[in-house]
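A.B. asks: Okay, sequence plus prediction incoming.
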Amino acid sequence: MVISRVPPRPDGFVPRTSGALALLLVLAVVIGVWLLNGRDPGTGTDPGTSGGFTSEPTQTVPPTADATPSVASADLPETDPDSGLPVVALAVLPVEAADTVDLIDSDGPFPYDEDGSTFGNFEGILPDHERGYYAEYTVDTPGSGDRGARRIVAGDEGELYWTEDHYDSFERIAR
């Protein structure tokens, strides 16, 4: 004998609620919400972005009375003759890049333990040099929960390279 709180339909069907079905529905909703909203923007896997986030709009360093004069963008060659890479003026990079260059020039202190470590140039984008020639430095990314994707790589002869996409591309920095 079947006991049911819901009276059977005239065709004999007895509706039954299933706890397992309700649990599966709740689980599906939770997973859906997690997939849509629960990802950390610094850990995305979309190859078209920098670690899952788009880069900040480029900001310029405001001129100050005691600032060292920098190269104007109009005076720059399009490509660096030594590396073949595009050239970018430090003044048009995000202000955090200028802060990192100041730290490099003054030999720190650097905010991250990894700053100043050897950059291996495994991508082969920068000119070839012996291991240890290049050092990498973090450029802060506002809003990132980690070091972000922006770096400056410095060569032993004083050359500086900018990447905002964690070594996928570089530009030679002109000051």
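C.D. replies: Sure, I can see it. What you are looking at is a predicted structure, and each value in this text was computed from that prediction instead of being measured.

A.B. asks: Can you give me the neighbour number for Pro94?
C.D. replies: Applying other CB atoms under 10 Å, we find 22 residues neighbouring Pro94. Bear in mind the C-beta positions are built from the backbone N, C-alpha and C, glycine included.

A.B. asks: Was I right to think it contacts Val139?
C.D. replies: Yes. Counting by CB atoms under 8 Å, Pro94 does reach Val139; the two are 7.1 Å apart.

A.B. asks: dump the residue contacts of Glu171.
C.D. replies: By CB atoms under 8 Å, 6 or more residues apart in numbering, the residues touching Glu171 are Leu85, Pro86, Val87, Val88, Tyr161, Trp162, Thr163.

A.B. asks: Quick check: neighbours shared by Pro94 and Val139?
C.D. replies: Arg150.

A.B. asks: Check which element follows the helix or strand bottoming out on mean pLDDT in the chain along the chain.
C.D. replies: Ranking every helix and strand in the chain by mean pLDDT, DSSP states H and E puts helix 19-37 at the bottom, with a mean of 66. As assigned by DSSP states H and E, the chain's next helix or strand after helix 19-37 is strand 87-89.

A.B. asks: Starting from that next one, tell me which strands it pairs with and how they run.
C.D. replies: strand 171-174 (parallel) (DSSP bridges).

A.B. asks: export the strand it pairs with as CSV, just CAs?
C.D. replies: These are the backbone C-alpha positions of strand 171-174, laid out as CSV (Å, rounded to 0.1, in the frame of the first residue of the first chain):
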residue,chain,number,x,y,z
GLU,A,171,59.0,46.7,-26.0
ARG,A,172,62.4,48.5,-25.5
ILE,A,173,62.0,51.3,-23.0
ALA,A,174,63.4,54.7,-23.9
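
A.B. asks: Could you give the average pLDDT over stretch 138-151?
C.D. replies: What stretch 138-151 shows for mean pLDDT is 94.

A.B. asks: Quick one: end-to-end length of that stretch, please.
C.D. replies: The first residue of stretch 138-151 is 5 Å away from its last residue (CA to CA, to the nearest Å).

A.B. asks: before we move on, what about stretch 161-168?
C.D. replies: The straight-line separation of the ends of stretch 161-168 (CA to CA) is 12 Å.

A.B. asks: now do stretch 77-84
C.D. replies: 11 Å.

A.B. asks: any residues touching that stretch, and which ones?
C.D. replies: So stretch 77-84 is contacted by Leu85, Pro86, Val87, Leu126, Pro127, Glu159, Tyr161, Phe170, Arg172 (CB under 8 Å, 6+ apart).
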